[in-house]
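> Have a look at this fold, sequence not included:
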């Protein structure tokens with residue numbers, strides 16, 4: 001599994017996703033758009049991100065892309081199925097998703113920014129849109145929490 005983060009603004013969320021990505025054995029994180037990386041543009045450590053990741057950035061490979069579309073196109077060309085995590089009229093409940101039984105299946109989870117989520121253009125590139133069913137009054141979860149739920153669910 002690889003993770004694509006598009007325009008995630010919070011260094012804390014990105015650090016948390018690095019830590020969870022390590023826990024589930026992700027091979028790589030693609031940091032797209034304005035998503036912060038473990039190193040700033042001058043090559044210095046991003047302290048807020050590293051404080052939350054607790055060193056996971058050393059164990060999970062990562063790469064920055066200015067264009068999420070380019071990252072998705074490269075993943076598709078590499079044989080990855082693209083799973084967008086987003087609430088949408090075309091989404092499938094995570095709990096109705098058929099288990100991924102093949103060890104050879106390669107897939108990428110794409111998560112979008114904390115306020116707007118993923119755009120329609122990005123969702124069109126996805127092979128499947130997955131949503132986490134919500135039972136309370138709030139309509140969404142923190143992006144790092146949502147990633148953890150989906151990633152661990154897909155491991156079962």
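Cool, got the structure. Note that the structure is a prediction, hence the values are computed from the model and not measured. Numbers count the residues shown, from 1 in each chain.
> Could you check how many residues crowd around residue 7?
Taking other C-beta atoms under 10 Å as the neighbour definition, residue 7 ends up with a count of 19. Every residue, glycine included, has its C-beta placed from N, CA and C.
> For it, give me its contacts.
By C-beta atoms under 8 Å, 6 or more residues apart in numbering, the contact list for residue 7 reads 32-35, 68, 112-113.
> Repeat that for residue 57.
Counting by C-beta under 8 Å, 6+ apart, residue 57 touches 15, 18, 38, 49-50.
> try residue 152
Residue 152 is in contact with residue 24, counting by C-beta under 8 Å, 6+ apart.
> The helix or strand where it lies: how far from the chain's middle?
Here residue 152 sits within helix 143-155, counting by DSSP states H and E. Mean C-alpha position of helix 143-155 versus that of the full chain (C-alpha atoms, centre = their mean, to the nearest Å) differs by 9 Å.
> could I get the contacts of residue 7 as TSV with neighbour count?
Written out in TSV, the entries for those read as follows (neighbours: other C-beta atoms under 10 Å):
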residue	neighbour count
32	24
33	17
34	11
35	26
68	24
112	24
113	19
